[in-house]
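Participant: Quick check, what structure comes out for this input:
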Amino acid sequence: MSIQSYVLDEGEQLQEKVTMDQETMLRTISRKNLDISQLKYPVSANEDSLQNWAIEQVRYPKSMPLQTLMGYSEKGEILNLTDKVDSNGRLNWIAPACKWVLYAVFEGWHGKMVERAGPGGEGDVIDHFSPQAIDNYLGHFTNTFKGQNLSGLRAYFNDSYEMDDARGEANFTPLLFDEFQKRRGYDLREYLPALIGRDTEEYNQRVLCDYRETISDLILENYTQRWHDWANSSGKVIRNQAHGAPANILDLYAVADIPESEGEDIIKIKTASSVAHVTGKKLASSESATWLKDHFEASLADVKQAIDLYLLAGINHVFYHGTTFSPQDAKWPGWMFYAAVDLGPTNTFWNDFGTLNKYIARSQSFLQAGKPDNDILLYYPISDENSASTI
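Facilitator: Predicted structure coming up:
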């Protein structure tokens, strides 16, 4: 979502067009000299090159569709002027008595790509707020797995909501205004100044909080819950990293059969384990030993220290983040995972790795067999956070 404002005095007609062009940008992992002029549109048309280019984010030079144009007078009148904008962006309207400020909302494309996608998984990240988008996405798996024996498959996994590193991250969906009115009981279009912090402090906070709560609802219901129900319909569970999402992540974790955390901040780690404790889930997992040091620099002592933090935080279902499949005939040191540590046969500590795993397995067995014993239940002030001008 991008917002442009215009000011008109009484009797004036807007001379500039109500249009906005998207800023062109291209970020890649492996091809720093790649120019957007070398890319076909849409990005899926570059099938042969997407694996090699490893594009993180791309925005093509194109016009952004106008979603709404609202007028606000200094006397408190509010008008929806969207239908008075012609196909060329000309506003056919003359400002009546007094001064008016117009706000135009345009819908763009954040352009975030699936990072380091497997073959066939390259392309745009889905609209996490859209039920149609998630149904289309999951439908691909339904059709692919049809007739296959999936008895050995326990869970589907989501490796965190990683839109937060996109420049201009996802904050809009075409149905946002309708969903907002249905859920919050008023029309967000009538409060655009407050949404961008140009009204009274109270209105700014209230509207921003309602907007963020709506986005949170959409991720919860249209993405996480929908994915959970789809998996459960075939007898599978979901393992979900909710962190990073612009939502109440405690609600997202609560939907997951196995909430999963990561990182080195014990408070953030405990958001996953706390939800497991409150909702009675047997397992709370962790993406562990990620980026401890660079490749082949971390010791088993480093790994153990990282795992101990998770055990202390109530995690009882550890997953390593660095076990890479590597063909036997691959040249040394074999295929390596970008987010070290390297927990594979080419690492010098491989022969001793089993000792650490036995320690973790024994610790997990006790934690999984026991019950959580917490002295304090602390309310997470999500409404306060949603009302803050910056998060």
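
Participant: For the helix or strand of the chain with the lowest mean pLDDT, C-alpha coordinates in CSV please.
Facilitator: Within the chain, confidence by mean pLDDT, DSSP states H and E is lowest for helix 50-53 among all helices and strands, at a mean of 87. Provided in CSV are the C-alpha atoms of helix 50-53 (Å, rounded to 0.1, in the frame of the first residue of the first chain):
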residue,chain,number,x,y,z
LEU,A,50,15.5,-18.3,-11.6
GLN,A,51,17.5,-21.0,-9.8
ASN,A,52,20.8,-19.5,-10.9
TRP,A,53,19.8,-15.9,-10.2
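
Participant: hmm, who's touching that helix?
Facilitator: The contact list for helix 50-53 (C-beta atoms under 8 Å, 6 or more residues apart in numbering) reads 28, 30-31, 34, 43, 46, 117, 119, 122-123. Where C-beta positions appear, they are placed from N, C-alpha and C, glycine not excepted.

Participant: for that helix, which positions count as buried?
Facilitator: By 16 or more other C-beta atoms under 10 Å, the buried positions in helix 50-53 come out as 50, 53.

Participant: Low-confidence ranges, the stretch 151-300 of the chain, go.
Facilitator: Within the stretch 151-300 of the chain, the stretches with pLDDT under 70 are 164-166.

Participant: what are the ranges of the helices in it?
Facilitator: Under the criterion DSSP state H, counting those that start in this stretch, the stretch 151-300 of the chain contains helices at 176-184, 192-195, 201-218, 226-232, 249-255, 266-279, 300-312.

Participant: any chance of the ones you listed in a markdown table, plus mean neighbour count?
Facilitator: Output for the helices of the stretch 151-300 of the chain, formatted as a markdown table (neighbours: other C-beta atoms under 10 Å):
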| stretch | mean neighbour count |
| --- | --- |
| helix 176-184 | 16 |
| helix 192-195 | 21 |
| helix 201-218 | 19 |
| helix 226-232 | 17 |
| helix 249-255 | 22 |
| helix 266-279 | 20 |
| helix 300-312 | 17 |
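
Participant: Tell me the one among the contacts of helix 50-53 nearest to Tyr379.
Facilitator: Nearest to Tyr379 out of these is Ala117 (C-beta to C-beta; 39.0 Å).

Participant: just wondering, since we're on the closest one, how far is it from Arg90?
Facilitator: Between Ala117 and Arg90 the computed distance is 42 Å (C-beta to C-beta, to the nearest Å).

Participant: go on, Glu23?
Facilitator: In terms of C-beta to C-beta, Glu23 sits 23 Å off from Arg90.

Participant: And for Leu292?
Facilitator: Leu292 is 58 Å from Arg90, by C-beta to C-beta.

Participant: of these two, who's got more company?
Facilitator: Legend: neighbour count by other C-beta atoms under 10 Å for Leu292 and Arg90, higher for Leu292 (19 against 16).

Participant: correct me, but the more buried one touches Val341?
Facilitator: Yes. In this structure, Leu292 is within contact of Val341 by C-beta atoms under 8 Å, at 5.3 Å.
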